[in-house]
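Chemist: After the sequence you'll find the predicted model.
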Amino acid sequence: MVVTPICNFCAKTGVLCKKCKQKLREGKITEVEVTVSKAFAKAEQKYPKLLQNVTLDRAHSLDNSIVLLTRNGKNLIENEELKYTIETEIRKPIEIVERKADTRKTFAEFFAPLDIVEIDQIFVPPEGDVELKITLKGDPELLRFPLDQLKQIAELISKNPVRLELIA
Ligand SMILES: [Zn+2]
């Protein structure tokens, strides 16, 4: 069964339980994620096999599209019909970012074909929060998203503030 940020029952019925409502109120999940979760549950009725192992981790609105962070989301990338079904349901184009077990690998794929030169952890005073500084090398024209959007998605992936640097 497809796994989403809200529980299965809520995704299917479209009505949020107490627990999911609280998550939403506390900002642990967003309205966009609720909407996409429902669309996934609906699409699953049509394509149960294609979605059975898919996990939707996060969904994030960018300008005109919605970026989905997925695990085992290969079918969403490869099956145009499935992708289209979900896009029709949420009335926006989706971009799939597949998440690997390892954050560094996720980043490597996400920023490809640019190379990651290094990822530095910067401790920001006064609380010592960790900010990631990711240095990329290559032609920015080849990136999947504009830099400011890349930064937002990278922050979703790492759960840290991210600073991107490009070197030629
Ligand atoms: Zn629920």
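Modeler: It's in. Residues are numbered from 1 along each chain as shown.
Chemist: Can you measure across stretch 86-98, start residue to end residue?
Modeler: Start-to-end span of stretch 86-98 (CA to CA, to the nearest Å) is 16 Å.
Chemist: Run the chain-centre distance for that stretch.
Modeler: Averaging C-alpha positions (CA atoms, centre = their mean, to the nearest Å) puts stretch 86-98 11 Å from its chain's average.
Chemist: how close does residue 130 get to residue 78?
Modeler: Look at residue 130 and residue 78: by CB to CB, to the nearest Å, they are 35 Å apart. To be clear about C-beta, it is placed using only N, CA and C from the backbone, and glycine gets the same treatment.
Chemist: what's the answer for residue 61, then?
Modeler: 24 Å.
Chemist: Repeat that for residue 141.
Modeler: 26 Å.
Chemist: between those two, which one's more packed in?
Modeler: Under the neighbour definition other CB atoms under 10 Å, residue 141 and residue 78 were set side by side, and residue 78 has more, 11 against 5.
Chemist: how about that one, what does it touch?
Modeler: If you count contacts by CB atoms under 8 Å, 6 or more residues apart in numbering, residue 78 has none.
Chemist: The ion contacts on the protein?
Modeler: 7, 10, 17, 20 (CB under 5 Å from the ion).
Chemist: what about 8 Å?
Modeler: For the chain, the residues in contact with the ion under the definition CB under 8 Å from the ion are 6, 7, 8, 9, 10, 11, 16, 17, 18, 19, 20, 21.
Chemist: Same list, these, but as CSV with distance to residue 53 please.
Modeler: Converted to CSV, the residues of the chain next to the ion look like this (distance: CB to CB, whole Å):
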residue, distance to residue 53
6, 18
7, 18
8, 14
9, 20
10, 20
11, 16
16, 25
17, 24
18, 28
19, 24
20, 22
21, 28
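Chemist: Produce a ChimeraX select command limited to the buried residues of these.
Modeler: Applying 16 or more other CB atoms under 10 Å to those, the buried members can be selected in ChimeraX as follows:
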select :6,10,11,16,20
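Chemist: and stretch 128-140, which residues are buried?
Modeler: So for stretch 128-140, counting by 16+ other CB under 10 Å, buried means 132, 134, 136, 138.
Chemist: Report pLDDT for the most centrally placed residue in the chain.
Modeler: Residue closest to the average C-alpha location in the chain (CA atoms, centre = their mean): residue 69, at 2.3 Å. Note for residue 69: predicted pLDDT of 95.
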